[in-house]
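[1] Sequence and predicted model, in that order:
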Amino acid sequence: MAAEVLTVTDMHTGGEPVRIVTGGYPPIPKGTILQKRAYVREHLDHLRRLLMFEPRGHADMYGALLVEPDLPDADLAVLFMHNEGYSTMCGHAVIALGRYAVDTGMVAASEPVTTVRIEAPCGLVVASVEVRDGKAGAVSFESVPAFLFAGDRSIDLGPYGTIRFDVAYGGAFYALADCRQFGLAFGANRVRDFVDAATALTDRLKAGFPLAHPDHDDLAFLYGTILTDGGDAFADRPTRNVCVFAEAEVDRSPTGSGVTARLAVMHAKGQIEPGRARVFESIVGSRFTGEVARTTRAGPHAAIVARVGGRAFYSGKAEFTLEADDELGRGFLLR
């Protein structure tokens with residue numbers, strides 16, 4: 001009766017879902033992580049739709065598919081998926097996968113901290129998992145070099161007027177802008193208002209703002225826009241943001257790769273020094289910590305390596321099936 005049977009473990013990090021595929025995918029051919037990403041996108045995208053879309057998911061669902069590592073020092077490798085396709089980096093998923101790897105024995109637990117080396121499409125991400133009495137807890141990670149790509153740019157955004165923004169890379173490229181320019185304030189406006197504003201900026205920049213990454217052309221695309229409360233320079237208090245990425249998907253967490261990108265911008269503008277921690281708060285009030293671990297370079301760009309931390313929790317397990325004549329069961333989205 002079932003044409004497809006997929007098993008998953010669901011987690012969330014700061015309220016943002018992570019659907020980890022535990023069974024049902026066919027073997028992925030050997031190759032680099034970017035080649036695996038391309039293969040899944042070209043040949044197995046119907047499974048992403050089945051897992052991410054309704055009736056099993058929703059427009060803001062997020063997933064992680066574990067694949068065979070290509071890097072010899074990686075403990076595991078992952079392809080990230082969402083409502084539009086496959087991203088290159090996802091910090092909230094890395095936090096969940098760090099805990100998951102220790103809890104399932106993929107990586108042997110070692111107290112007080114277990115290192116989990118995760119190969120992502122952007123490169124190697126190193127997670128540090130706190131372990132106490134054999135149980136995994138909080139997770140932090142150091143990602144690939146992050147950098148400010150374009151700072152203090154401006155654009156005429158129609159009804160919103162002139163908007164100033166930065167573009168930065170934190171494992172994925174983001175536009176970053178102070179939400180107050182759009183007449184928005186956290187706690188005072190609807191989430192829809194933030195989505196509309198962020199999407200307007202993303203769409204405009206995708207149409208006419210070319211990107212480049214020193215490592216690979218597959219990394220040079222704008223993933224979304226992060227709207228902030230404008231608190232980059234105020235190190236003595238939490239700063240809030242919302243990330244709207246992919247096809248207007250809203251991150252419930254502070255966004256791990258987004259926090260990484262924000263830290264790169266802050267450091268480039270002299271607003272934070274290495275070793276000083278900041279607190280980043282999401283649109284639902286969940287928090288990540290973030291700091292500049294050290295400085296480095298990414299091709300021609302002055303760059304940083306950020307350390308971002310948070311907590312992930314389990315929310316359930318499921319087995320999903322698809323009957324052969326169930327057309328809606330193949331996946332659809334409503335907003």
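    Cool, got the structure.
[2] Sheet partners, orientation included, of the helix or strand encompassing residue 127?
    Under the criterion of DSSP states H and E, residue 127 resides in strand 123-132. If you go by DSSP bridges, strand 123-132 pairs up with strand 113-120 (antiparallel), strand 135-142 (antiparallel).
[3] Contacts for that strand next, please.
    If you take CB atoms under 8 Å, 6 or more residues apart in numbering as the criterion, strand 123-132 is touched by 71, 73-74, 89, 94-95, 97-99, 101-102, 109-119, 136-144, 171, 215. For glycine as for every other residue, the C-beta is placed from the backbone atoms N, C-alpha and C.
[4] What of stretch 182-193?
    160, 163, 179, 194, 197, 227, 229, 240, 242, 250, 283.
[5] quick one, phi/psi of the closest residue to the first one other than its chain neighbours?
    Residue nearest to residue 160 in three dimensions, not counting chain neighbours: residue 182, with 5.3 Å by CB to CB, 6 or more residues apart in numbering. When read as degrees, to the nearest 10, the backbone of residue 182 gives phi -90, psi 0.
[6] now residue 34
    phi -70, psi -30.
[7] So for it, what's the nearest residue that isn't a sequence neighbour?
    residue 218 (5.3 Å).
[8] which residues touch the one you found?
    Applying CB under 8 Å, 6+ apart, we find residue 218 in contact with 34, 37-38, 88, 121.
[9] Adding distance to residue 22, pLDDT and neighbour count, write those out as JSON lines.
    JSON lines is the format used below for the contacts of residue 218 (distance: CB to CB, whole Å; pLDDT from 0 to 100; neighbours: other CB atoms under 10 Å):
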{"residue": "34", "distance to residue 22": "24", "pLDDT": "96", "neighbour count": "18"}
{"residue": "37", "distance to residue 22": "20", "pLDDT": "97", "neighbour count": "24"}
{"residue": "38", "distance to residue 22": "23", "pLDDT": "96", "neighbour count": "15"}
{"residue": "88", "distance to residue 22": "23", "pLDDT": "96", "neighbour count": "26"}
{"residue": "121", "distance to residue 22": "20", "pLDDT": "97", "neighbour count": "24"}
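[10] circling back: burial check on the residue nearest to residue 160, number of neighbours?
    If you count neighbours by other CB atoms under 10 Å, residue 182 ends up with 22.
[11] how much space between it and residue 24?
    Separation of residue 182 from residue 24 (CB to CB, to the nearest Å): 42 Å.
[12] sorry, back to before: pull the distance from the strand holding residue 127 to the chain's centre.
    Offset of strand 123-132 from its chain centre (CA atoms, centre = their mean, to the nearest Å): 16 Å.
[13] same deal with stretch 53-65?
    14 Å.
[14] immediately after the host helix or strand of residue 78, which helix or strand?
    Per DSSP H and E: residue 78 is located in strand 76-81. The first helix or strand that comes after strand 76-81 along the chain, using DSSP H and E, is helix 91-103.
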